[in-house]
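# got a predicted model here, sequence first, then my questions.
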Amino acid sequence: DGGITQSPKYLFRKEGQNVTLSCEQNLNHDAMYWYRQDPGQGLRLIYYSQIVNDFQKGDIAEGYSVSREKKESFPLTVTSAQKNPTAFYLCATRFYNEQFFGPGTRLTVL
Amino acid sequence: AQSVTQPDIHITVSEGASLELRCNYSYGATPYLFWYVQSPGQGLQLLLKYFSGDTLVQGIKGFEAEFKRSQSSFNLRKPSVHWSDAAEYFCAVGVMEYGNKLVFGAGTILRVKS
């Protein structure tokens, strides 16, 4: 069954803790993206990776880190430096010019 | 800088009525344009896309959109709305220079009244 898996669906963390969001795909797509969604603001790009072992900062990368050690996986770490981490996080892959989105992870920092 | 504007935050239409959601973009090159739909707490589903060619594009679920270069617009339309169309709709432009990232509008929430 092909697709993009994000886990967990809901995540709660205490302020000051780092947390890692998982994104896995079996679509064999090279490019992967992380977006953050806040109410009334649409989606904003955090990081993207066009190939294994390479990634680039997006528009709002401060307080986040990523790795791309495998083609299938693109985990996002929300660090304690991110001032307002509570949001809905969406992972996407790209094939040619079309992006495909995972189901998302809702992160709430208490 | 690239940007997308969706002027309407909320729209309410009656079931069976026609729908038009507005989208204006700012991008220096020939744009790749997209409309996505999102149900609450879910990911985004692609409704339709424009890359080149015919400026009227057909999508899934009976939606269509028209690209008008002179107006920098890509409005989404549906002739007859169904209650299941209630969702949030996002317009986006693809930016080739930055890894083909998508720049999104703020979204339009569609409510359908019976």
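Sure, I can see it. Numbers count the residues shown, from 1 in each chain, chains lettered A, B, ... in the order given.
# low-confidence stretches in chain A?
A:1-2 (pLDDT under 70).
# give me the nearest residue to A:Phe12, chain neighbours excluded.
A:Thr108 (5.1 Å; Cβ to Cβ, 6 or more residues apart in numbering or on different chains). For the C-beta atoms, the positions are set from N, CA and C on the backbone; glycine is no exception.
# I meant A:Gly102, not that one.
A:Gly102 sits nearest to A:Ile4 (Cβ to Cβ, 6+ apart), 3.7 Å away.
# quick one: residues contacting that neighbour.
Taking Cβ atoms under 8 Å, 6 or more residues apart in numbering or on different chains, we find A:Ile4 in contact with A:Cys23, A:Glu24, A:Gln25, A:Leu27, A:Cys91, A:Ala92, A:Thr93, A:Phe100, A:Phe101, A:Gly102, A:Pro103, B:Gly43.
# who in chain B is up against chain A?
Applying Cβ under 8 Å from any Cβ of the partner chain, one finds that chain B approaches chain A through B:4, B:9, B:32, B:34, B:36, B:41-46, B:49, B:51, B:90, B:92, B:94, B:98-107.
# and these, which are buried?
B:4, B:32, B:34, B:36, B:43-44, B:46, B:49, B:90, B:92, B:94, B:98-107 (16 or more other Cβ atoms under 10 Å in any protein chain shown).
# okay, and which of these map to strands?
In this view, these that belong to strands under DSSP state E are B:4, B:32, B:34, B:36, B:44, B:46, B:49, B:90, B:92, B:94, B:101-104.
# got those as TSV, with distance to B:Gln71 and pLDDT columns?
TSV is the format used below for these (distance: Cβ to Cβ, whole Å; pLDDT from 0 to 100):
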residue	distance to B:Gln71	pLDDT
B:Val4	14	96
B:Tyr32	17	94
B:Phe34	18	97
B:Tyr36	21	98
B:Leu44	25	94
B:Leu46	23	96
B:Lys49	19	96
B:Phe90	19	98
B:Ala92	18	97
B:Gly94	19	93
B:Lys101	24	91
B:Leu102	21	94
B:Val103	18	95
B:Phe104	20	96
